[in-house]
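Visitor: sequence isn't available, so here's the structure alone:
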């Protein structure tokens, strides 16, 4: 990793996705992609925690994001959440991708994140679209990225069918997640 690059932990919380649909993060591009951290939605939110790298671009520009999960041109980077067939669920009637923009992540936010080893940048996004299926296209509404408490250890990226609640969201198959506190 170059000296100017910084590794960041990001978390996407998919709120109230439709039940019975597989979701996961898209790794790679084009026909060579794979879906990682696959989770089947039940009655709780889904949580995806992962890392990307940030490097300095032009002097007047924000960070440029890099990594196998990062998509798009340098000034408009994003991460895909695949659903249904796109996530490898062959028997699904859905075949969608949700684009989560990385815009709005500033160097100030990155510095604050790196100053706190127990923090991540989190985006909470609606999991269900207007038609009742998985949300798709560019996420709307998008409240942006916020500094939150980190998940560390074996629970990160865990399937939420495990009865142990996810430390970040409290997700289990049987209860609604608690909202984590914002770090200041």
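Guide: Okay, I see it. Please read these numbers as outputs of a predicted model, since none were measured by experiment.

Visitor: so for stretch 73-88, what gets flagged as buried?
Guide: 77-84, 86-87 (16 or more other C-beta atoms under 10 Å). The C-beta positions use only the backbone N, C-alpha and C, and glycine is treated the same way.

Visitor: secondary structure and pLDDT added to the residues you listed, as TSV?
Guide: Shown next, in TSV, are these (DSSP: H, G, I helix; E, B strand; the rest coil; pLDDT from 0 to 100):
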residue	secondary structure	pLDDT
77	coil	96
78	strand	97
79	strand	98
80	strand	98
81	strand	98
82	strand	98
83	strand	98
84	strand	98
86	helix	97
87	helix	97
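
Visitor: farthest-apart pair in those residues, please.
Guide: Longest distance between any two of the buried residues of stretch 73-88 is 24.1 Å, between 77 and 84; criterion C-beta to C-beta.

Visitor: which of the buried residues of stretch 73-88 lies closest to residue 11?
Guide: Closest to residue 11, out of all of the buried residues of stretch 73-88 and judged by C-beta to C-beta, is residue 79, at 11.0 Å.

Visitor: isn't that closest one up against residue 67?
Guide: No. In this structure, residue 79 is not within contact of residue 67 by C-beta atoms under 8 Å, at 9.1 Å.

Visitor: which residues of the protein score low on pLDDT?
Guide: For the chain, the stretches with pLDDT under 70 are 1-3, 58-60, 151-184.

Visitor: again, only using 90
Guide: Flagging of the chain using pLDDT under 90 yields the residue ranges 1-4, 29-32, 43, 56-62, 75, 117-118, 140-141, 149-184.

Visitor: hmm, back to that, between residue 79 and residue 67, what contacts are shared?
Guide: Listed as contacting both residue 79 and residue 67 by C-beta atoms under 8 Å, 6 or more residues apart in numbering are residue 52.

Visitor: returning to that earlier point: export the buried residues of stretch 73-88 to CSV and tack on distance to residue 40?
Guide: Output for these, formatted as CSV (distance: C-beta to C-beta, whole Å):
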residue, distance to residue 40
77, 28
78, 24
79, 20
80, 18
81, 14
82, 13
83, 11
84, 11
86, 14
87, 9
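
Visitor: from the residues you listed, pick the one nearest residue 17.
Guide: Once C-beta to C-beta is applied, the member of these that ends up nearest residue 17 is residue 83, at 7.7 Å.

Visitor: let me see the residues that make contact with stretch 23-39.
Guide: Contacts for stretch 23-39 (C-beta under 8 Å, 6+ apart): 12, 14, 17, 22, 40-41, 46, 48, 50, 68-69, 71, 79-83, 86-88, 97, 127, 134, 157, 159-161.
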